[in-house]
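Trainee: Provided below are the primary sequence and the corresponding predicted coordinates.
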Amino acid sequence: VKMAEAVRHKLEEQIDELHDYKKQGIFDDAEIREIVKRRKAFEYALRRRTSRKIDFARYIEYETNVEALRVKRKKERNINRANRPSDYSIIQRLHGLYTRALEKFKGDLPLWLQYFDFCESHISDRRLSRALAKCLQFHSTVPAIWVRAAKFEFEANNSVKAARIMLQRGLRLIPNAQALWIEYLRLELLHWEKLRRRALVLGVSTDGDVVTDAVTNAPHLTKDAHVDVATADSDNEDMDEEEELDADQERQAAVDMLSVVTQDLAQARGETVETVAQVEASSAMKEASKLGDDFLSGVVPRLVANNLLDQFQDDVEVYQRVLDVFRLFPGTSASRGMIYERLRQQHAVQPSVAALSVLAARPYDDVSVHERLALTPSAVYNLVMSSDTLFAEAIEASSLCAASVTAARIGFLTTAIAQLKPTDDYTIQLARHALQLGVAATKTLQSPSKTKGKRKPAHQPTPATLDAIMSVGLRAFPLALALNETATAQELVDNALMVADGLKRQRVKRSKLNADTLSASEALLEELYGAQTKLAQVTGEAADEVDDKFDHALGHVKQSTVLWGQRLKHATTQLSSADCRTVFRKCLQQPLARGFVSHVAVLYLRWENTQQDMAALRQTFEWLTSLAKLDSQATLAMAEIELAQAQVDVKAIRHLFEASLSHEAADHAVWLEYLTFELKHGSASKASQLQFRATQAVDEPEAFQVAASKLLSQ
């Protein structure tokens, strides 16, 4: 009784809204009755003893569709009346539904994010602010929520102070969250750029750089925060100039807030907060102040960057991400130089190929976004070659593996080439240069000699070195094909295969190789043999010879689904029917992933459907089911083929579904297809019996009932 009264009360609250629909001619009587009926059913569903998320989701989806239809009809019928009950009632109801759902499912993060998007789309800033605060009570260790909250404060409320507080609170709880640190740096840079440009307009600074679109349109914390000088200044014309440009206060506020995070980090490391944290803060400030101590010089972003790198000093990827953020802003070349110098010092103590690659690529990479747009092809070429020279010098002087550095070098060249026009002369020159490096590197090691009496090298190359040389060949191979130098491509593949043979011999002799090294080698071998077979196809070798190479490759990388997929594609287009059938059956008998085998089975059935009659195809399907590795995909594909026949064999199709359900009794898809079949080709009574059987067998009977009810109502 209480449930019925509550539902009735909810419906009575909607009377004004429903009358308004009729008065404006948006919905007719029949549609209004249907709306009331659906809402009543949804309200009863939400008041069950145990509420389900799916009930809330369906109600929200329905109300969203009704609102979209209301807006569409109002526009089509040119109804210009504003502030009517129907204009805001559904939006309010949706807010209420989200609130009720989140009370029940506080731990459902996707639901929170969905509600945030809804609030943003309807400009419900107050509700969004409350929702963010409440979400952080339950998901305080999720960086994305802190970033979302800071984004809201910075963009919607135009408060950099509140945005700082949000990010710093997040950092105090999860100090190892890279995303929070990066967004904190980006926030300070955006605020600095805004004040710097305002100072430029007022004549305080002579720097004429401007913010580029890449800064404000990038997919990050402030992706929609447009910094418009004209708007910013016109909005503040009546402000006192000293108040507007009180950079010292900005600097001090930012530094004071950051020092709290610094103290927490020191305490987390078990250090004495009263002394060490202060020393760290002053040391970081001293480093950041070398390039200027006032706010407009960028001291605060540099201070944030220094603290960030102190937290992740061994992670080269973090250095790269920090540099990428600084490059979005003009006038930051000196700050970037500070980051590069820190990385150089780190590399001197702990050398790594990753750090060397970032340092060597500096001449090409260390250009701000707006400067890069103005570069000519010749200027880009010169920058690339300057970086390439640093790579060459590093190979000579560094103690790191030369093959690994060469692989990084060719990777850098390949990336640079991809950003140039393919037909440009400079692009071709760079491609040929990279290709020569690849050929030379893959020749450095050959497989062990089989000639008797010859002594083996004193130092055998490590598996990591051999992997690096194979990587060089794979990076250079696409360049050879792009330049139509098939002979060079063949040489690269042959040399890399010799290296792979050497690696195989080492793997036999060294039984305790690192598992990561072995898995990396398998992935490289898969790419290498894929390159070999691709080259055979490009050079026009006979179809059976190409298939032999696939067979040889799969003998070395037996469980490569990529190579099997390429082989099957080649077989269906180039081989005879008998040979193609042999390839399909051989693949289906391999110990591959079940999902891939089922996918191949579907392809095989559809291919055989073009080659055989139905009797033979049914025998083929029986053979497939005997493999006991298939899921429902093959059954559904066979049912589709059966239903496409001129004369539908109802008995055979029922046998097909029953056989599949004997192995996969809980498969929703098979039950629904079976039910659809019975509705179209069987009888209503059998369909009803089938629905009852399915609800007893499936894992989620309620979800199945909903889907089945839709079928029965059609």
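Mentor: Yep, that arrived.
Trainee: what's stretch 381-390 in contact with?
Mentor: Contacts to stretch 381-390, defined as CB atoms under 8 Å, 6 or more residues apart in numbering, come from residues 359-365, 367, 375, 409, 412-413, 416, 426, 429-430, 433. (C-beta placed from N, C-alpha, C; glycine too.)
Trainee: could you rerun that using 10 Å?
Mentor: The contact list for stretch 381-390, computed with CB atoms under 10 Å, 6 or more residues apart in numbering, reads 356-357, 359-367, 372, 375-376, 409-410, 412-413, 415-417, 419-420, 424-427, 429-430, 433-434, 437.
Trainee: let's see the PyMOL selection covering just the buried ones among those.
Mentor: Typed into PyMOL, the line below selects the buried ones among the contacts of stretch 381-390, using 16 or more other CB atoms under 10 Å:
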select buried, resi 356+357+359+360+361+362+363+364+365+366+367+372+409+410+412+413+416+417+420+426+427+430+433+434+437
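Trainee: restricted to helices, list the contacts of stretch 381-390.
Mentor: If you go by DSSP state H, these have 356-357, 359-360, 362-365, 372, 409-410, 412-413, 415-417, 425-427, 429-430, 433-434, 437 in helices.
Trainee: in the stretch 251-400 of the chain, which ranges drop under the pLDDT threshold?
Mentor: Of all residues in the stretch 251-400 of the chain, those with pLDDT under 70 make up the ranges 251-295.
Trainee: quick check: which element contains residue 51?
Mentor: Per DSSP states H and E: residue 51 is located in neither a helix nor a strand.
Trainee: contacts only, for residue 554.
Mentor: Contacts for residue 554 (CB under 10 Å, 6+ apart) come out as 526, 529, 533, 560, 563, 564, 567, 586, 587, 590.
Trainee: now tabulate those in JSON lines and tack on pLDDT and secondary structure.
Mentor: Formatted as JSON lines, those follow (pLDDT from 0 to 100; DSSP: H, G, I helix; E, B strand; the rest coil):
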{"residue": "526", "pLDDT": "82", "secondary structure": "helix"}
{"residue": "529", "pLDDT": "82", "secondary structure": "helix"}
{"residue": "533", "pLDDT": "87", "secondary structure": "helix"}
{"residue": "560", "pLDDT": "87", "secondary structure": "coil"}
{"residue": "563", "pLDDT": "91", "secondary structure": "helix"}
{"residue": "564", "pLDDT": "92", "secondary structure": "helix"}
{"residue": "567", "pLDDT": "92", "secondary structure": "helix"}
{"residue": "586", "pLDDT": "92", "secondary structure": "helix"}
{"residue": "587", "pLDDT": "92", "secondary structure": "helix"}
{"residue": "590", "pLDDT": "89", "secondary structure": "coil"}
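Trainee: can you turn the buried part of the residues you listed into a PyMOL selection?
Mentor: Per 16+ other CB under 10 Å, the buried members of those correspond to this PyMOL selection:
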select buried, resi 526+529+533+560+563+564+567+587+590
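Trainee: for the contacts of residue 554, which one is nearest residue 635?
Mentor: residue 587 (19.2 Å; CB to CB).
Trainee: could you pull up the residues touching that closest one?
Mentor: 554, 561, 564-565, 567-568, 571, 596-597, 600-601, 603-604 are the contacts of residue 587 under CB under 10 Å, 6+ apart.
Trainee: and residue 473, how many neighbours?
Mentor: Residue 473 has 29 neighbouring residues, counting by other CB atoms under 10 Å.
Trainee: quick check, pLDDT for it.
Mentor: Listed pLDDT for residue 473 reads 81.
Trainee: pretty sure it sits against residue 466.
Mentor: No - in this structure, residue 473 is not within contact of residue 466 by CB atoms under 10 Å, at 11.1 Å.
Trainee: overlap of the contact sets of the two?
Mentor: Shared contacts of residue 473 and residue 466 (CB under 10 Å, 6+ apart): 496, 499, 500, 524.
Trainee: can you flag the buried ones in those residues?
Mentor: Using 16+ other CB under 10 Å, the buried ones in the shared contacts of residue 473 and residue 466 are 496, 499, 500, 524.
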